[in-house]
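1. Predicted model and sequence below, questions to follow.
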Amino acid sequence: MVTTALTKEQVLGWLSEIADPEIPVVSIQEMGMLRDVNITGDACEVLLTPTYTGCPAMGIIEADIKALLHEKGVANATVKMIYQPAWTTDWMTDEAKEKMRRYGISPPVHSGCGDIFKAEQHVSCPKCGSEDTAVVSRFGSTACKALYKCNTCHEPFEYFKCH
């Protein structure tokens, strides 16, 4: 049980440790999924917006949040999914995009993608930086990513689709 009053800043700091299980080099905070924290007495409600409706990682993220808060002494923690407004790649930090690139995933090309097919014509290879790339499949290992190949270094890679 927490013996001192919880603060929003304290809880947000703790939650910045929670990694996106599908892209473990970025946190849910850096991805923009962590929307807010409400504290009432000893109760803590965490508000999350999934990157996609039905995202399979949300159950893991919720369990990770509850486990971390329990470890920190918060006995009464809940997670609430927020679907409006819908998550957008505009909420990702620049640091998250750079971490993705270093991890081997090409980050979203633009904020506010507009014409998604036009935006996806200039996807850079995260390994060599070439824009001479081609889409292999509109879906990669998850619905939020597409599979590409680089025509310069010939390496396959995933692109985190903007939306």
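-> Sure, I can see it. Residues are numbered from 1 along each chain as shown.
2. quick one: the helices in the protein?
-> Using DSSP state H, the helices found in the chain span residues 8-15, 28-31, 58-71, 94-103, 116-119.
3. Off-centre distance for the longest one?
-> Yep, that's helix 58-71 we're talking about. Remark: helix 58-71 is offset 15 Å from the chain centroid, using CA atoms, centre = their mean, to the nearest Å.
4. For that helix, buried residues please.
-> Buried positions in helix 58-71, judged by neighbour count with 16 or more other CB atoms under 10 Å: 58, 61-62, 64-66, 68-69. For the C-beta atoms, the positions are set from N, CA and C on the backbone; glycine is no exception.
5. quick one: which of those residues is nearest Met92?
-> Nearest to Met92 out of the buried residues of helix 58-71 is Ile61 (CB to CB; 15.6 Å).
6. Now do the contacts for that closest one.
-> Contact partners of Ile61, counting by CB atoms under 8 Å, 6 or more residues apart in numbering, are 18, 20-21, 28, 33, 48, 79.
7. out of the helices of the chain, nearest to Cys144?
-> Across those, Cys144 has its closest neighbour in helix 28-31 (10.0 Å, CB to CB).
8. any residues touching that closest one, and which ones?
-> Contacts for helix 28-31 (CB under 8 Å, 6+ apart): 12, 15-16, 18-20, 23, 34, 48, 51, 61, 91-93, 95-96, 99.
9. average model confidence for it?
-> Average pLDDT, helix 28-31: 97.
10. ok, now stretch 155-163?
-> 92.
11. Give the buried residues for it.
-> 157-162.
12. Also stretch 89-105?
-> 89, 91-92, 96-97, 99-101, 105.
13. average pLDDT across it?
-> Here the average pLDDT along stretch 89-105 is 95.
14. what separates that stretch from the chain centre, distance-wise?
-> For stretch 89-105, the distance to the chain centre is 9 Å (CA atoms, centre = their mean).
15. cool, stretch 103-110 as well?
-> With CA atoms, centre = their mean, you get 12 Å for stretch 103-110.
16. Now that stretch - C-alpha only, CSV.
-> Provided in CSV are the C-alpha atoms of stretch 103-110 (Å, rounded to 0.1, in the frame of the first residue of the first chain):
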residue,chain,number,x,y,z
TYR,A,103,15.8,-1.0,-34.1
GLY,A,104,15.2,-1.7,-37.8
ILE,A,105,11.6,-0.5,-38.3
SER,A,106,11.1,2.5,-40.7
PRO,A,107,9.0,5.0,-38.7
PRO,A,108,6.0,6.8,-40.2
VAL,A,109,7.0,9.1,-43.0
HIS,A,110,4.8,12.1,-42.1
